[in-house]
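[1] please work out how this folds:
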Amino acid sequence: MTSGEILKLLTDSGDEEAQIDARILCEELEGEALSIAAGRRAKGEPLAYILEHRHFWRSDFKVVPGVLIPRPDTELIVECALRYLGIHDLATGDVLDIPVCSDQTDIRFADICTGTGCIGISIANEIRTSGRTVSGILTDISDIALPTARYNAEKLLGDPDSVEVIRNDILKDELPGRFSIIVSNPPYITDNEMTELDKGVRDYEPDLALRGGIDGLDFYEKIFKKSFSALIPGGAVFAEHGYLQGEAVRKLCMEAGFENVGTVRDYGGNERVTWGIKNAG
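    From the prediction side, this is the model:
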């Protein structure tokens with residue numbers, strides 16, 4: 001297929017980003033592989049699944065069907081964690097409200113519901129670049145996400161042996177060990193919102209990584225309670241959530257014992273990441 005034929009195919013299919021998608025496909029593929037990929041995109045399959053990768057923060061992550069595709073909005077949680085650690089010099093907006101704890105030189109982290117591993121791996125690489133020692137765990141329950149995160153850790157981390165990918169069900173299991181920071185982008189789409197999602201998300205991305213129950217809050221109470229127990233004094237938790245869930249998530253964070261709690265808005269002005277600091281006293 002020619003580039004013009006691919007553009008027409010995607011345009012006729014209703015692809016709202018037909019020009020961009022056609023250009024990317026033509027840049028990365030050719031011949032029969034290009035024709036097959038164009039057909040898949042025309043049916044609504046996300047480009048990240050077709051090409052098996054997506055850029056996030058400073059790296060290109062492997063993405064496969066069955067694992068949540070990294071989103072630009074989720075980069076905010078990386079910014080928040082780095083601000084807390086004192087290694088984000090370009091912080092702006094609500095991120096500046098996060099207290100800085102820059103005296104930790106040996107940092108251990110946990111990334112709960114890790115998916116591709118994009119959040120934890122990005123944070124680990126930035127910590128290492130800053131000259132500090134870092135180790136951590138990437139946790140999930142998905143039989144597809146776990147090997148994908150493991151692949152990304154081995155490929156993208158300067159010291160992959162310092163980060164372990166483990167099966168852990170945050171709704172049932174305790175977090176193993178003690179941590180300086182804990183981050184999570186758990187499922188938070190409400191049951192009603194699931195029916196209203198874009199077709200490419202609803203039909204292709206994993207329900208397991210999206211659905212958060214009737215109110216979308218099924219995971220937060222467990223995340224905050226178990227994070228509070230696993231964090232060292234002065235440690236911090238950061239959790240992404242839906243734009244209407246900020247007040248409820250802050251309440252759950254405070255009920256878990258965190259005294260210093262706040263929410264950061266994304267670049268669209270929506271409440272997106274709630275953080276809590278465990279009292280050092």
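[2] strands paired with the lengthiest strand in the chain, and their directions?
    The residue-count maximum for a strand in the chain (DSSP state E) belongs to strand 231-240. Next to strand 231-240 in the sheet, as set by DSSP bridges, lie strand 179-184 (parallel), strand 271-277 (antiparallel).
[3] which residues sit against stretch 70-83?
    48, 54, 56-57, 61, 63, 88, 91, 95-96, 98, 100, 109, 115-116, 118-119, 122-123, 126, 181, 183, 185, 236, 238-240, 264, 266-268, 272-273, 275 (CB atoms under 8 Å, 6 or more residues apart in numbering). Placement of C-beta: from N, CA and C, glycine included.
[4] re earlier: among the strands paired with strand 231-240, which is nearest residue 213?
    Residue 213 sits nearest to strand 179-184 of all the strands paired with strand 231-240, at 15.6 Å, using CB to CB.
[5] mind checking how far that closest one is from the chain centre?
    13 Å (CA atoms, centre = their mean, to the nearest Å).
[6] name the next helix or strand downstream of it, please.
    helix 191-194 (DSSP states H and E).
[7] for that following helix, list the C-alpha coordinates in CSV.
    As requested, the backbone C-alpha atoms of helix 191-194 are provided in CSV (Å, rounded to 0.1, in the frame of the first residue of the first chain):
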residue,chain,number,x,y,z
ASP,A,191,-18.4,0.9,36.0
ASN,A,192,-20.5,3.6,34.3
GLU,A,193,-17.4,5.2,32.7
MET,A,194,-16.3,1.8,31.3
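[8] check which element follows it along the chain.
    helix 199-204.
[9] that following helix: which residues count as buried?
    200, 202, 204 (16 or more other CB atoms under 10 Å).
[10] and what of stretch 227-237?
    For stretch 227-237, by 16+ other CB under 10 Å, it's 227, 228, 230, 231, 234, 235, 236, 237.
[11] in a helix, the second one, correct?
    Yes: counting by DSSP: H, G, I helix; E, B strand; the rest coil, one finds residue 228 located in a helix.
[12] chain center to the longest strand of the chain, what's the gap?
    With CA atoms, centre = their mean, you get 16 Å for strand 231-240.
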